[in-house]
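Participant: This is the structure alone, sequence omitted:
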Ligand SMILES: Cc1cc2nc3c(=O)[nH]c(=O)nc-3n(C[C@H](O)[C@H](O)[C@H](O)COP(=O)(O)OP(=O)(O)OC[C@H]3O[C@@H](n4cnc5c(N)ncnc54)[C@H](O)[C@@H]3O)c2cc1C
């Protein structure tokens, strides 16, 4: 597209930072009282950017009801400061400075099962337990004001659209359902989800109808890396050279990229056996492979840097070459490895998906939040007044009443904004009859007892909750540092610029955002995807802040610290700047066109993948997760960290294992 040198920065007023959007209007007027359940002392210790936990409701006119309705909250969501404050004070050994730890309110509540964490794993654990013990009393605790963990729903009410606009703030889709275990698929079926029906809900002709380039075929080369901004859109049928015509790349770089994307090539590792090639690939990053094995120049390395960021949450310099080969990334056409089987060195996700090629269409408008919502409704039928039954269609527009989640007398109670602070057996773990479960709520500590506990929270949390754990198991839990991600939903007044530019998905070569894309064309259960370019739509933007050249774990720790200190305003500025630069030639103007923004910040995002590049124990083990997930007396351990594997089905499978292990008592 345009190759004219563009000023990469716009002033705040050009960006529309002073324009009214509902999140800021509410935030400015929000008081701490509007967001309950946290001690004032905890707030006093917040970093400057931390105040952004005071997210706003989607309906500025009805702030009070919006504040009670988590899917409608805009601003900074995901792992909010409000949710992290108590867990972090435990981590830092300063819980006592936030709350009086000597005064624990002993509630007269005993449960057959307490589940810590209301993500897909925790909710599934409650589901499996209830199936085995229909009369069981269950309490589910979570530190957030929303259930579902990463499976998060965002709602908007843009002007010019009568129906609510639904987006996903985390888990995107039922990825490769053919690879689901009988257990995980069985749970979906019990909830009324028939995955085959998505072929009717997902408009698979939509992109062709509007002549929008395929995912992966639009790259925004940024001035920071390439001297000038340039949007390269590869329309159907274009060669690589046509695609990159006018891009700020040297002729040599264009030749190299054309060779990378080619269907054939010379063997880059002549003389090595297949085994030796795999071993070599398993020791280097994809960036090393491009630069040192294929001889790509710096421009080409920069062009390819973020190609792994969206899928794996790390750039190419942290992602193994063996897994880049396994995923079919450019540059391996001549290597001659048999791809009918995965390499033994490939990461677990690639190995388990290897034989399957499902289309990426198994998407609810709110992503897998619909699975969480169906689980909650089946556990707590009163959570949706007037709906005795929900199925995969009716769940989409069902309105949950959050005040019904934790009512006295229910078999299952879901207590939000209630971080667990400790799990301790009443005596020796091997013989105790019950577990004391302590949690924080409304500025104080409370205690209930449980016959069984499934710890379905992040493992890095579990090690602080269970002081009885053997030290080796605590160390193993430390390894499960989740990889940070940000999923931002940006509501724009129309999507004409995307049609104008002929694209639906942009990969950025650097900066805050790895990807910006139009929301998926899914209509179901009475919900209508925006059909016409003149209608409001959600642009979803993904940031994978882990730096390169580091192990996944190191990168996660580093990026998380930065991420959690970043205020909403900084994300907002960056979103406006980025979209103006990428879509400006299509007539986009952030100041005029952006109506609302929700930034879902997942400091604790993907369960980390074991990769041979960094984890010498892979694939032979033993792995840290095997040690971390061992049963401790009456407490069993779930969460996707227990595999580890950042997928919904894994979270379900691990919940099932954890519930089965309770029978060993
Ligand atoms: C941005 C993003 C996109 C994804 N996209 C996909 C996708 O498209 N398809 C797919 O299959 N998978 C996807 N995944 C992975 C998938 O979402 C996860 O594997 C799965 O949802 C994890 O569920 P979980 O219950 O194991 O963990 P979580 O969802 O992390 O749930 C754990 C819960 O425990 C809570 N908790 C933590 N500490 C405490 C405490 N002290 N007390 C009480 N509660 C606590 C947490 O707040 C959280 O709510 C995605 C993940 C992310 C982050």
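Facilitator: That came in fine, so what should we check first? Being a predicted model, the structure only gives us computed values, none of them experimental. Residues are numbered from 1 along each chain as shown.
Participant: Can you name the residues of the protein that neighbour the ligand?
Facilitator: 87, 116-122, 141-144, 149-151, 170-173, 175, 419-420, 456-458, 461, 485, 487, 602, 605-607, 639-640, 646-648, 650-651 (Cβ under 6 Å from any ligand atom). No exception for glycine: its C-beta is placed from N, CA and C like everyone else's.
Participant: Now for residue 364, how many residues are close by?
Facilitator: Counted with other Cβ atoms under 10 Å, the neighbours of residue 364 add up to 31.
Participant: Same question for residue 311.
Facilitator: Neighbour count of residue 311, defined by other Cβ under 10 Å: 17.
Participant: That one reaches residue 327, doesn't it?
Facilitator: Yes. Counting by Cβ atoms under 8 Å, residue 327 is a contact partner of residue 311 at 7.4 Å.
Participant: pLDDT below threshold where in the protein?
Facilitator: In the prediction, the chain carries residues with pLDDT under 70 at positions 1-8, 22-67.
Participant: Can you tell me which residue sits nearest the middle of it?
Facilitator: Nearest residue to the geometric centre of the chain (Cα atoms, centre = their mean): residue 170, 4.0 Å.
Participant: wait, doesn't that residue sit right on residue 488?
Facilitator: No. At 11.5 Å, residue 170 and residue 488 do not qualify as touching, with contact defined as Cβ under 8 Å.
Participant: what touches both of these two?
Facilitator: residue 600 (Cβ atoms under 8 Å, 6 or more residues apart in numbering).
Participant: Which strands and helices lie in contact with whichever helix or strand residue 506 is part of?
Facilitator: Residue 506 is located in strand 505-508, with elements delineated by DSSP states H and E. Counting contacts by 3 or more Cβ pairs under 8 Å, 6 or more residues apart in numbering; DSSP states H and E, strand 505-508 is packed against strand 218-221, strand 515-518, helix 568-583.
Participant: In the sheet, which strands lie alongside the second one, parallel or antiparallel?
Facilitator: Strands adjacent to strand 515-518 in the sheet, as given by DSSP bridges, are strand 505-508 (antiparallel), strand 537-543 (antiparallel).
Participant: Make TSV out of those and add mean neighbour count.
Facilitator: As requested, the strands paired with strand 515-518 are exported to TSV (neighbours: other Cβ atoms under 10 Å):
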stretch	mean neighbour count
strand 505-508	24
strand 537-543	24
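Participant: Of the ones you listed, give the one that comes closest to residue 12.
Facilitator: strand 537-543 (19.2 Å; Cβ to Cβ).
Participant: Let me know the angle separating the closest one from helix 568-583.
Facilitator: 110 degrees (axes from the mean of the first three to the mean of the last three Cα atoms, to 10 degrees).
Participant: Contacts for strand 537-543, please.
Facilitator: Residues contacting strand 537-543 (Cβ under 8 Å, 6+ apart): 154, 156, 165, 167-168, 309-310, 485-492, 494-495, 512-519, 530, 575, 578-579.
Participant: Which strands or helices does the helix or strand that that strand is followed by pack on?
Facilitator: For strand 537-543, the following helix or strand on the C-terminal side (DSSP H and E) is helix 552-564. Applying 3+ Cβ pairs under 8 Å, 6+ apart, we find helix 552-564 packed against strand 483-492, strand 594-606.
Participant: And residue 133, how close does it get to residue 121?
Facilitator: To residue 121, residue 133 is 18 Å away according to Cβ to Cβ, to the nearest Å.
Participant: now do residue 490
Facilitator: In terms of Cβ to Cβ, residue 490 sits 29 Å off from residue 121.
Participant: Tell me which of the two has more neighbours.
Facilitator: Using other Cβ under 10 Å as the criterion, residue 490 and residue 121 rank with residue 121 on top: 30 against 26.
Participant: Now the more buried one: which helix or strand?
Facilitator: Counting by DSSP H and E, residue 121 is part of helix 120-132.
Participant: Also residue 167?
Facilitator: Going by DSSP H and E, residue 167 is in strand 165-168.
Participant: Pull out the buried residues from the next helix-or-strand element following that strand.
Facilitator: Per DSSP H and E, the first helix or strand lying C-terminal to strand 165-168 is helix 182-190. Neighbour-count burial for helix 182-190 flags 183-185, 187-188 (criterion: 16 or more other Cβ atoms under 10 Å).
Participant: and if you look at stretch 219-226?
Facilitator: 219-223, 225-226.
Participant: Off-centre distance for it?
Facilitator: Computed by Cα atoms, centre = their mean, to the nearest Å, the chain-centroid distance of stretch 219-226 equals 26 Å.
Participant: now swap in stretch 516-524 and tell me
Facilitator: Remark: stretch 516-524 is offset 17 Å from the chain centroid, using Cα atoms, centre = their mean.
Participant: now do stretch 240-253
Facilitator: 34 Å.
Participant: Check stretch 633-653 too.
Facilitator: That offset, for stretch 633-653, works out to 16 Å (Cα atoms, centre = their mean).
Participant: what's the answer for stretch 140-158, then?
Facilitator: 12 Å.
Participant: all strands for the stretch 201-350 of the chain, in order.
Facilitator: 218-221, 230-233 (DSSP state E, counting those that start in this stretch).
Participant: Can you say which of the strands paired with strand 515-518 is nearest to residue 378?
Facilitator: strand 537-543 (27.9 Å).
Participant: one step back: save the strands of the stretch 201-350 of the chain as JSON lines, and put in distance to residue 403 too.
Facilitator: Putting these into JSON lines (distance: least, Cβ to Cβ, whole Å) gives the following:
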{"stretch": "strand 218-221", "distance to residue 403": "44"}
{"stretch": "strand 230-233", "distance to residue 403": "47"}
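Participant: Could you point out which of these sits nearest residue 382?
Facilitator: Taking Cβ to Cβ, strand 218-221 is the member of the strands of the stretch 201-350 of the chain nearest to residue 382, at 46.3 Å.
Participant: Quick one: list the elements packing against the closest one.
Facilitator: With contacts taken as 3+ Cβ pairs under 8 Å, 6+ apart, strand 218-221 sits against strand 230-233, strand 505-508.
Participant: now do the same end-to-end measure for stretch 342-356.
Facilitator: The stretch stretch 342-356 measures 12 Å between its terminal residues, going by Cα to Cα, to the nearest Å.
Participant: meant to ask about stretch 409-425, not that
Facilitator: Stretch 409-425 has an end-to-end distance of 26 Å (Cα to Cα).
Participant: Stretch 256-270 now?
Facilitator: Terminal residues of stretch 256-270 are spaced 19 Å apart (Cα to Cα).
Participant: now what about that stretch, what contacts it?
Facilitator: Here stretch 256-270 has contacts from 239-241, 244, 249, 276-277, 280, 290, 293-294, 296-297, 300, 303-304, 330-331, 333-336, using Cβ under 8 Å, 6+ apart.
Participant: One more: stretch 214-229?
Facilitator: Against stretch 214-229 from outside (Cβ under 8 Å, 6+ apart): 3-6, 8, 207, 230-236, 243, 247-249, 299, 302-303, 503-511, 517, 581-582.
Participant: again with stretch 552-562
Facilitator: Counting by Cβ under 8 Å, 6+ apart, 314, 318, 479, 481-484, 545-548, 550, 603-604, 608-609, 611, 614 sit against stretch 552-562.
Participant: How about stretch 281-300?
Facilitator: Residues contacting stretch 281-300 (Cβ under 8 Å, 6+ apart): 226, 249-250, 252-253, 256-257, 260, 268-269, 301, 304-305, 307-308, 315-325, 329, 331, 343, 345, 548-549, 612-613.
Participant: cutoff 6 Å now
Facilitator: 249, 253, 256-257, 268, 301, 304, 316-317, 319, 321-322, 324-325, 331, 345, 612 (Cβ atoms under 6 Å, 6 or more residues apart in numbering).
Participant: can I assume residue 119 is in contact with residue 146?
Facilitator: No. Residue 119 lies out of contact with residue 146 (Cβ atoms under 6 Å); the separation is 10.6 Å.
Participant: what is in contact with the two at once?
Facilitator: Shared contacts of residue 119 and residue 146, defined by Cβ under 6 Å, 6+ apart, are absent.
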